[in-house]
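>>> Next comes the sequence, and after it the predicted model I'd like to discuss.
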Amino acid sequence: GERTQVLAALRAVEVPALLLTTANGWPWGEERTQGRAEALRARRVHMEGGHHPHLDADTADTVLAEVAAFFEEHKATVAARSAR
């Protein structure tokens, strides 16, 4: 079914992934969110906030810091894959 297809597509992703989730974000439920994060092999960062943490003054700095740290950690990996 659809769930199997989604998980298969996520498992096929070969680049590092970052998943930012929030306490009051998209209402998928923890089991579904965690299953997708695991299929994607994503680093998951959970924070307070709503559906748009990058736009919320209380969480935007956290989003920026997490994304910047993730890019810094993985820039060599992504560059190597891009050169193929």
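Structure's in. What do you need?
>>> use CA for all of it now, contacts and neighbours both
OK.
>>> just so I have it, where are all the helices in the chain?
Along the chain, counting by DSSP state H, helices occupy 2-12, 30-40, 60-82.
>>> right, so of these, which gets closest to L20?
If you check each of these against L20 by C-alpha to C-alpha, helix 60-82 wins as the nearest, at 7.7 Å.
>>> list the helices and strands the closest one packs on?
strand 18-22 (3 or more C-alpha pairs under 8 Å, 6 or more residues apart in numbering; DSSP states H and E).
>>> Now do the strand it packs on and helix 30-40, the angle between them.
Interaxial angle of strand 18-22 relative to helix 30-40 (axes from the mean of the first three to the mean of the last three C-alpha atoms, to 10 degrees): 170 degrees.
>>> Kindly check the end-to-end length of stretch 18-30 for me.
16 Å (C-alpha to C-alpha, to the nearest Å).
>>> Begin at 442, not 1, for the rest of this chat.
Okay, using 442 as the starting number, the last item reads as stretch 459-471.
>>> residues touching A501, list them.
494-495 (C-alpha atoms under 8 Å, 6 or more residues apart in numbering).
>>> Alright, calling it a day.
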